[in-house]
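Colleague: structure of the sequence below:
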Amino acid sequence: MTVRVLYFSSAADLAGVQQETLDLGGPCTLEQLRARIAQRHPALSPLLAGLLWSIDETVAGPHEQVRPGQTVAVMPPFSGG
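Modeller: The predicted structure follows:
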């Protein structure tokens with residue numbers, strides 16, 4: 001099962017990539033994916049809990065299921081004005 005992960009702003013800087021495709025081996029939750037990303041990109045690990053996550057352009061919580069072919073975005077909090 002593969003998913004595409006997009007990293008934005010400081011998340012991309014710390015991960016060292018703007019996007020990557022991950023093979024998860026099977027269904028998982030966003031929380032499980034977050035743990036895998038923490039192992040893969042240790043510099044990003046301390047910030048993962050405070051980042052915003054979306055699945056296919058919809059904000060998602062830690063217990064959301066990640067399915068094959070979906071796109072997960074990892075974004076630092078932002079403000080508007």
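Colleague: buried sites along the helix ranked longest in the chain?
Modeller: In the chain, with assignment by DSSP state H, the single longest helix is helix 30-40. Residues of helix 30-40 classed as buried under the neighbour-count rule (16 or more other CB atoms under 10 Å) are 30, 32-34, 37-38. Where C-beta positions appear, they are placed from N, C-alpha and C, glycine not excepted.
Colleague: which stretches of this structure form helices?
Modeller: Assigned helices in the chain, in chain order: 9-15, 30-40 (criterion: DSSP H).
Colleague: which other residues reach the longest one?
Modeller: It stands for helix 30-40. Contacts of helix 30-40 with the rest of the structure, by CB atoms under 8 Å, 6 or more residues apart in numbering, involve 3, 5, 15, 22, 24, 28, 44-45, 48, 53, 55, 60-66, 72, 74.
Colleague: tell me the pLDDT of Gly26.
Modeller: pLDDT recorded at Gly26 is 87.
Colleague: residues contacting the nearest residue to it once chain neighbours are set aside?
Modeller: Once flanking residues are discounted, Gly26 sits nearest to Met1: 5.7 Å by CB to CB, 6 or more residues apart in numbering. Neighbour list for Met1: 23-27, 67-68 [criterion: CB under 8 Å, 6+ apart].
Colleague: nearest to Phe78 among these?
Modeller: Phe78 has its nearest neighbour among the contacts of Met1 in Arg67, at 26.2 Å by CB to CB.
Colleague: mind checking how far that closest one is from Ala43?
Modeller: With the distance defined as CB to CB, to the nearest Å, Arg67 ends up 28 Å from Ala43.
Colleague: and the pLDDT for Pro76?
Modeller: Residue-level confidence at Pro76 comes out at 89, pLDDT.
Colleague: now swap in Arg34 and tell me
Modeller: What the model reports for Arg34 is a pLDDT of 94.
Colleague: next: Ser45.
Modeller: Ser45 carries a pLDDT value of 89.
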